[in-house]
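*Asks:* next one to model:
(2 chains)
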Amino acid sequence: MKRNIAPHIDELTKALENIDRSEIENELYKLLEFRVPIDEAKRSIIRKFGSRSASVKKIEDISIGDQGFETTVRIIEVRERVVRVRNRDATIFSGILADGTGLCYFNSWHDFSLNENDVVCIKNISVKNWNGRMEINLGDRSKVIKLSDDILPSINELSRATSKKLIDIDHSDVFVSSLCIVVELYHRNIDTRDGEIMITEGVLADDTGKLPFVAWIPLENIDIGTVVDIKGASVRMFRGVPSIYFNKNTDVSIVGGSDPLPFTLESVSAPPVPIPIENMLHKEGMFDVALRGNIISVRPGSGIVTRCPICNRVIMKGTCRAHGSVEGIQDMRIKMVVDDGTGSIMVMLDRDLSEIVYGKTMLEVKGSQGRSISQDVVYENMKQVLIGKYIGARGNTSSTEFGVSIVASSVWDPEDDLAGRVNTLFERLTETGM
Amino acid sequence: MIIVVEREVAYRIFAKEFNASKFNMRSDEEGSSKQDVHTPNYLVTPAGAKLNRLFVVGVVTEVDNVGTDKDMWKARVVDPSGAFTVYAGQYQPEAAIFLSTVELPSYIAIVGKVRMYEPDDGSVFVSIRPEEINTVDALVRNRWVVDTAEMTLDRVEVFSKVVAECESSSEVTDHMRSHGMSVSLAEGISLAMEYYHTDEAYLGNIRKVVKDCLQSLENSQYDDGVGAEEDIEDRILGLLVDMNSGKGVDYAELIKAASAREIYEDAVDVAVRSLLAKGHCYEPKIGILKPVQ
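*Replies:* Presented below is the predicted three-dimensional model:
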């Protein structure tokens, strides 16, 4: 019998390079004793050991869904957190790792005693999608081997990021550098494990856009209007838009006024210029952008709604999904689809903006609605008022499984220099010999 | 990653280009698997637009019930280049009610899907099946014409470059991708070259259509400056004279007649007050106007 299966063992040993031959042999015999057909047995063995013999990958080569590979990295950042899963506390370790080809977030459900700056080879890991970005997962079967420090560049070198314009920063960035100007700034005290600390929040801008920031480090001599050169700030998604975080590895230097910049405090404080909706659809989230287009649909659920006083959810017949029978609060909102010929986006309006756009206050609507008329009447009337109209809107976009939407912070009737546009078109036509 | 099925863009296109379209692109002819059922059909126009949904603003001039046992409303919606055909039946109840009651003529906006009817004789009829339909004012119509002119011209310019630089339609997609153009436009242009053999001469025709549409705006008054107001006064006075049967003209009738000539209530009001002040007409009874002759 032994002779019969020898070629199969050879074949398996070849396929599973770094697995011991005797281990494969034992496993195969065990299966054959149970009268498992040879082909089926070989398949099981490859599956069982396959993940252990897996390939070595660089961070730039990994993609979501990869499993059972190994990689050699330096730990750039690691944090311990306690999360509650199914009523039990679990400690997780998460952070960022890098290997010179790229950076990636990681998360571990086990304590591999990883420390910042460690150079490690991690085996049997997988890559998942977490909040729209790649995350390396260390699980039960993962292994961590500590290696000598000098085989990878230092943290500073690894986390050095190429300088980007704000518009180009998105959820796939881990670290960024950018030259921008502070346009909003607030201080806030928050409680942490190490006592109360003061953080600085605000908004950064350049000639391409704006993004919110949070500084966990003291910002000296930085105020609204200060031009800063930021190196090695980290990027996280907060409320659906990318946020820039300054931490102790971030270098923030003030830029003197000698070099000409493509922006000034004045130019970046102007309202955002409307951009094609198309450009919003492939971003995870954008901060303070504007659009203009036609209202091509008013979605059901617009009009007078009743909300739960506790959780603010829209409720039906006085019953909240989470809080049962409640005394609802009336509210008005509009959810509409705006299309500019390049793409379409859902625009959400709160009560104040709905009243402006619809041209009637909620109280007027309730007054005319009476008790007997259904809320559909308001919805139908909204459609009559709104469909086809031009509208401009400004706010933050976010991407969900239902598509991209923008929660409007302001809306307006876009003014149009029609005569000017017509003249430009005539000029263009003349150039082509018309 | 979450795969979001993107909502189809509502294209702006002139009736002339739309009605010249004959090529229906079915994404996949093979199976009847679930995905294929939901894959939209596209109409490719000779100038390379790949349409599934449209946004159209125009004047509704005719509405007829063409249904035999069930109601089926057929409407003609006119833009400066020609007319769109719109059908609304029992599955578009809101649009059907709208069309059966809409005043003629009036400006309307339609969001709708492209429909094609291909009888066996090889001819092709395109129409719009409305999803949303509403009345709008003249300003929305004028803006739509300018928007549509811009978008059409942008597309024609890209197409024209492609025609000049590419020998065959197979090169087009690569060429356009290397120039960073949208996949949908690249596909539309390559299909249009293949199916319609669109050349520079045809693109010139489309440019001419754009120009004519813009000129139609110039002739009407998209900027209501002082000159335009006086012009309206003259026209209103002319209307009063024409409509006066001796007993004066009912103000409501005047507004109706004026709106059919693209002069709106506010403008009529301003003009009438000015005419009254200047003594060109008087009000023998409230609501009745009589021109001074």
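*Asks:* can you list the weak-confidence ranges in the chain?
*Replies:* Because you didn't say which chain, this covers chain A. Within chain A, the stretches with pLDDT under 70 are A:1-3, A:17-18, A:50-54, A:132, A:161, A:257-258, A:368-374.
*Asks:* to clarify, I was referring to chain B.
*Replies:* Residues of chain B that meet the criterion pLDDT under 70 lie in B:1-5, B:26-39, B:167-170, B:173, B:219-230.
*Asks:* and it, what are its domain boundaries?
*Replies:* Residue ranges for each domain of chain B read B:143-219, B:226-291, as given by automatic domain parsing.
*Asks:* deepest of those, which one?
*Replies:* Mean neighbour count (mean count of other C-beta atoms under 10 Å in any protein chain shown) peaks for domain B:143-219 among the domains of chain B, with a mean of 18. For the C-beta atoms, the positions are set from N, CA and C on the backbone; glycine is no exception.
*Asks:* any part of that one near chain A?
*Replies:* Yes. For domain B:143-219 and chain A, the contact criterion (C-beta under 8 Å from any C-beta of the partner chain) is met by B:143-144, B:146-147, B:149-151, B:153, B:157, B:160, B:182, B:204, B:207-208, B:210-211, B:214, B:217-218.
*Asks:* list the buried residues of stretch A:9-16.
*Replies:* Using 16 or more other C-beta atoms under 10 Å in any protein chain shown as the test for burial, stretch A:9-16 gives A:9, A:12, A:13, A:16.
*Asks:* neighbours around the nearest residue to residue A:208 once chain neighbours are set aside, how many?
*Replies:* If the residues on either side of it in the chain are set aside, residue A:208 comes closest to residue A:167, at 3.7 Å by C-beta to C-beta, 6 or more residues apart in numbering or on different chains. The burial metric for residue A:167, expressed as a neighbour count using other C-beta atoms under 10 Å in any protein chain shown, is 18.
*Asks:* for chain A, what's its nearest residue on the stretch 101-250 of chain B.
*Replies:* When distances are taken as C-beta to the nearest C-beta, the stretch 101-250 of chain B reaches nearest to chain A at residue B:109, 2.8 Å away.
*Asks:* output the domains of chain B in JSON lines; the columns should cover distance to residue B:43.
*Replies:* Shown next, in JSON lines, are the domains of chain B (distance: least, C-beta to C-beta, whole Å):
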{"stretch": "domain B:143-219", "distance to residue B:43": "10"}
{"stretch": "domain B:226-291", "distance to residue B:43": "31"}
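*Asks:* so which of the ones you listed is nearest residue B:11?
*Replies:* When the domains of chain B are compared for distance to residue B:11 using C-beta to C-beta, the nearest one is domain B:143-219, at 7.7 Å.
*Asks:* quick one: distance of the closest one to the chain centre.
*Replies:* What separates the centre of domain B:143-219 from the centre of its chain is 19 Å, taken as C-alpha atoms, centre = their mean, to the nearest Å.
*Asks:* helices or strands next to the helix ranked longest in chain B in the packing?
*Replies:* Ordering each helix of chain B by length in residues (DSSP state H) puts helix B:138-165 first. Applying 3 or more C-beta pairs under 8 Å, 6 or more residues apart in numbering or on different chains; DSSP states H and E, we find helix B:138-165 packed against helix A:418-431, strand B:53-65, strand B:106-117, helix B:169-178, helix B:183-196, helix B:200-219.
*Asks:* tell me which strands the second one pairs with, and in which orientation.
*Replies:* Each strand pairing with strand B:53-65, determined using DSSP bridges, is listed with its direction: strand B:10-11 (parallel), strand B:73-79 (antiparallel), strand B:106-117 (antiparallel).
*Asks:* list the buried residues of that strand.
*Replies:* When burial is assessed from 16+ other C-beta under 10 Å, strand B:53-65 yields the following buried residues: B:53, B:54, B:55, B:56, B:57, B:58, B:59, B:60, B:63.
*Asks:* so what's the first one up against?
*Replies:* For residue B:53, the set of contacting residues under the criterion of C-beta atoms under 8 Å, 6 or more residues apart in numbering or on different chains consists of B:8, B:9, B:10, B:11, B:111, B:112, B:113, B:114, B:131.
*Asks:* what do you get if the cut-off is 7 Å, keeping everything else the same?
*Replies:* Residue B:53 makes contact with B:8, B:9, B:10, B:11, B:111, B:113 under the criterion C-beta atoms under 7 Å, 6 or more residues apart in numbering or on different chains.
*Asks:* cool, and the last one?
*Replies:* Applying C-beta under 7 Å, 6+ apart, one finds that residue B:63 lies in contact with B:73, B:75, B:99, B:102, B:104.
*Asks:* may I ask which two of these are separated the most?
*Replies:* B:73 and B:104 (12.5 Å).
*Asks:* ok, these two, which is more surrounded?
*Replies:* With neighbours defined as other C-beta under 10 Å, residue B:73 and residue B:104 compare such that residue B:73 has more, 22 against 12.
*Asks:* which SSE is the closest residue to that one other than its chain neighbours in?
*Replies:* With C-beta to C-beta, 6+ apart as the measure, residue B:99 is the residue that lies nearest to residue B:73, at 4.2 Å, once sequence neighbours are left out. Applying DSSP states H and E as the criterion places residue B:99 in helix B:93-101.
*Asks:* now the angle between strand B:106-117 and that helix, please.
*Replies:* 120 degrees (axes from the mean of the first three to the mean of the last three C-alpha atoms, to 10 degrees).
*Asks:* in helix B:93-101, what's buried?
*Replies:* Judged by neighbour count (16+ other C-beta under 10 Å), helix B:93-101 contains these buried residues: B:95, B:96, B:98, B:99.
*Asks:* in contact with the second one, which residues?
*Replies:* Residues in contact with residue B:96 (C-beta under 7 Å, 6+ apart) are B:71, B:73, B:88, B:89.
*Asks:* quick one: the second one and residue B:65, what's the gap?
*Replies:* Same thing as residue B:73. Residue B:73 is 6 Å from residue B:65, where distance means C-beta to C-beta, to the nearest Å.
*Asks:* show me which residues of the stretch 251-400 of chain A sit near chain B.
*Replies:* For the stretch 251-400 of chain A, the contact set with chain B under C-beta under 7 Å from any C-beta of the partner chain comprises A:281, A:294, A:296-297, A:339, A:341-344, A:384, A:387-390.
*Asks:* phi, psi of the residue of the stretch 1-150 of chain A found nearest chain B?
*Replies:* For the stretch 1-150 of chain A, the residue closest to chain B is residue A:129, as judged by C-beta to the nearest C-beta, at 6.0 Å. With angles defined as degrees, to the nearest 10, residue A:129 shows backbone torsions of phi -100, psi 120.
*Asks:* show me which residues of the stretch 101-250 of chain A sit near chain B.
*Replies:* Those residues of the stretch 101-250 of chain A that sit near chain B, judged by C-beta under 7 Å from any C-beta, are residue A:129.
*Asks:* strands of the stretch 101-250 of chain A, residue ranges please.
*Replies:* Taking DSSP state E, counting those that start in this stretch as the criterion, the stretch 101-250 of chain A contains strands spanning A:103-108, A:119-130, A:133-138, A:143-146, A:175-192, A:195-205, A:210-215, A:227-238, A:241-246.
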